[in-house]
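*Asks:* Give me a 3D structure for the following:
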Amino acid sequence: AEAIKGMKFCPIIEGIFGSFINHENWKYRVAALRGLAATSSIWDSSQLPYQRILQGFKDPHPLVRYAAVYCIVVLLEQFTPHIQTEYYEKLFPALVEPLNEFNHPRLQAASINAISFLVDPLEKGQLLPYLNDLVNMMIQLLQRGIGSVQECALLTLASLSGAAEEEFRPFYSQVMPFVK
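*Replies:* Predicted coordinates for the structure are as follows:
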């Protein structure tokens, strides 16, 4: 039944997604990304339009960017570890961009949570090229962000620490003041 549901509905959803994601009205673009996230359980991970989802991160409207991050979080939960291992090189840069949007703390917090989901199943070698930038950005968010953003940043630092193990050691002196 699940396979038939996916075979029947995925082409229909894909058509609607395609027309909505390129719509001039931002509400349609949000609906496309939210709809894709809501129907993720019937998709095969290889069928998902990752590149079009990632376009949402560059949208001029912050709610579309938020919907893109939300969609990625749902997909990371649904298709762990496939998405993390196959797409981490594209996801890290996309998820780091919203961290600089201090006027949109909800978007920042969602992006931090997505980074945490992305980090957990990765091999240390996959994480290390991003470690310095991620730790520095989390520290910046701890210094400048609001409470919910700071909380997310601290939890993500814990994930980074666990994943990086010994390679995280140089950052302890910078991170520990925030833990106290």
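*Asks:* Show me what counts as buried in stretch 52-70.
*Replies:* 52-57, 59, 63-70 (16 or more other Cβ atoms under 10 Å). Bear in mind the C-beta positions are built from the backbone N, C-alpha and C, glycine included.
*Asks:* Could you tell me which of the residues you listed belong to helices?
*Replies:* Among the buried residues of stretch 52-70, the subset assigned to helices under DSSP state H consists of 52-55, 63-70.
*Asks:* So which elements touch the host helix or strand of residue 143?
*Replies:* Following DSSP states H and E, the helix or strand that holds residue 143 is helix 124-144. For helix 124-144, the packing partners by 3 or more Cβ pairs under 8 Å, 6 or more residues apart in numbering; DSSP states H and E come out as helix 82-96, helix 105-119, helix 147-164, helix 172-179.
*Asks:* centre of the chain versus it, how much separation?
*Replies:* Taking Cα atoms, centre = their mean, to the nearest Å, the mean C-alpha location of helix 124-144 is offset from the chain mean by 14 Å.
*Asks:* Give the residue spans of this structure that score low on pLDDT.
*Replies:* Within the chain, the stretches with pLDDT under 70 are 1-7.
*Asks:* 50 instead?
*Replies:* For the chain, applying pLDDT under 50 flags the ranges 1.
*Asks:* now the helices and strands packed on helix 124-144 as JSON lines including distance to residue 48 and mean neighbour count?
*Replies:* Putting the helices and strands packed on helix 124-144 into JSON lines (distance: least, Cβ to Cβ, whole Å; neighbours: other Cβ atoms under 10 Å) gives the following:
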{"stretch": "helix 82-96", "distance to residue 48": "8", "mean neighbour count": "18"}
{"stretch": "helix 105-119", "distance to residue 48": "15", "mean neighbour count": "23"}
{"stretch": "helix 147-164", "distance to residue 48": "24", "mean neighbour count": "18"}
{"stretch": "helix 172-179", "distance to residue 48": "35", "mean neighbour count": "12"}
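*Asks:* Of these, give the one that comes closest to residue 126.
*Replies:* Closest approach to residue 126 among the helices and strands packed on helix 124-144 (Cβ to Cβ): helix 82-96, 5.8 Å.
*Asks:* Done for today, thanks.
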